[in-house]
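Chemist: here is a sequence together with a model predicted from it:
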Amino acid sequence: MNFSESIKKKAIELGFQKVGIAKAEGFSNHKENLEEWIATGSHASMDWIVNRKEERGNIHNYFPEAKSIISVGMNYYTGIDQSNLNSKLKFSNYAWGEDYHEVLKSKLYDFLHWIKKSEPNLKGIACVDTSPVMEKVFAQKAGLGWQGKHTSLITRDYGSWLFLGELIVDTPLDYDTPFIEDLCGSCTACIDECPTNALDEYKIDSKKCISYRSIEHRGPFKVDESELEGWIYGCDICQEVCPWNQKFSISTSEQAFYPRKEIIEWEDTDWASLDEEGFRKLFKKSSVKRTKYSGLNRNIKQNLEKEIE
């Protein structure tokens, strides 16, 4: 077993379900697609994408010594869906449990530490989706899957219920064959079922996306951006209707991703009475902190008021 094979074996041992290795290189077409997407305003208020587009568009602007990217995927599907919640208010299942950034980073740091035992002089960095890396592009180059029409990475064996992470290292490795098939075919379920028409084929307009509105948008909603369809944090519609998820989802063995009991048990009145102190306690070590209490409370009130109307 050579070093690259040992690396992939170790990734599986650490709890990642998918792993592949891609050459660290720039892709002019993906950089152009990013710039075009930004130019149309589809990034909405996410200026951090604009501010770091040069790094995102060229991996060597982020990590000049990069030679290889070890791309990993971790299944977060729990086998529980929105119908299992007592409340009519909906909550994206990626945020039901512990903050996935911390779960993945911890495993990635252990992974990098293990690699450096064999290669003490190796330089590397661990990345999750807060880093300016085109993670779906490199995951596809590493053979993990393909980018679906809903813009998430889809795999043959887990669908798209995957968190992605990367180790970027300064050492050449054996590179996997890129995944070149587009197995979405003629299916447009995600596009057809998006209630706000946020999706076009392989493109998303964040301004219209319920996940963006409920998490990243700050302040009150304008009339034309207030539709949340019952979602108070994120939105899973495009993934729920994806045939690959309906056929191939497998419940994760990672207990950190299973929901807090409040997510399942709370009713509308419990969410309506949530105060800031309760928010801090409930969502300690949770990615829900991203939207802040003010954002979650806004979303709860917006949905409950719509229901009354």
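Modeler: Great, that's in hand. Everything quoted here is computed from the prediction, not taken from an experiment. Numbers count the residues shown, from 1 in each chain.

Chemist: quick one: low-confidence parts of the stretch 201-309 of the chain?
Modeler: 223, 307-309 (pLDDT under 70).

Chemist: in the chain, where's the longest helix?
Modeler: What stands out as the longest helix in the chain, according to DSSP state H, is helix 100-118.

Chemist: residues in contact with the helix or strand that comes right after that helix: which ones?
Modeler: Next along the chain after helix 100-118, taking DSSP states H and E as the criterion, comes strand 124-127. Applying Cβ atoms under 8 Å, 6 or more residues apart in numbering, the external contacts of strand 124-127 come out as 63, 105, 108-109, 111-112, 115-116, 131, 133, 135, 165-170. From N, CA and C alone the C-beta is placed, and that goes for glycine too.

Chemist: if we go to 10 Å?
Modeler: By Cβ atoms under 10 Å, 6 or more residues apart in numbering, the list of residues contacting strand 124-127 from outside reads 62-63, 65-71, 104-113, 115-116, 131, 133, 135, 138, 164-171.

Chemist: quick check on those residues: which are buried?
Modeler: Neighbour-count burial (16 or more other Cβ atoms under 10 Å) applied to the contacts of strand 124-127 gives 62-63, 66-71, 104-105, 107-108, 111-112, 115, 131, 133, 135, 138, 164-171.

Chemist: looking at those, which are in helices?
Modeler: Among those, the ones falling in helices (DSSP H) are Tyr62, Leu104, Lys105, Lys107, Leu108, Phe111, Leu112, Ile115, Glu135, Phe138.

Chemist: so what's the residue count around the nearest residue to Lys289 once chain neighbours are set aside?
Modeler: The shortest distance from Lys289 to any residue other than its chain neighbours is 5.7 Å, reached at Phe283 (Cβ to Cβ, 6 or more residues apart in numbering). By other Cβ atoms under 10 Å, the residues close to Phe283 number 22.

Chemist: OK, contacts around Phe283?
Modeler: The neighbours of Phe283, taking Cβ under 10 Å, 6+ apart as the test, are Ala95, Asp99, Tyr233, Arg260, Glu262, Leu274, Lys289, Arg290, Thr291, Lys292, Tyr293, Leu296.

Chemist: so which elements touch the longest helix of the chain?
Modeler: Helices and strands touching helix 100-118, by 3 or more Cβ pairs under 10 Å, 6 or more residues apart in numbering; DSSP states H and E, are helix 3-13, strand 68-75, strand 124-127, strand 162-169.
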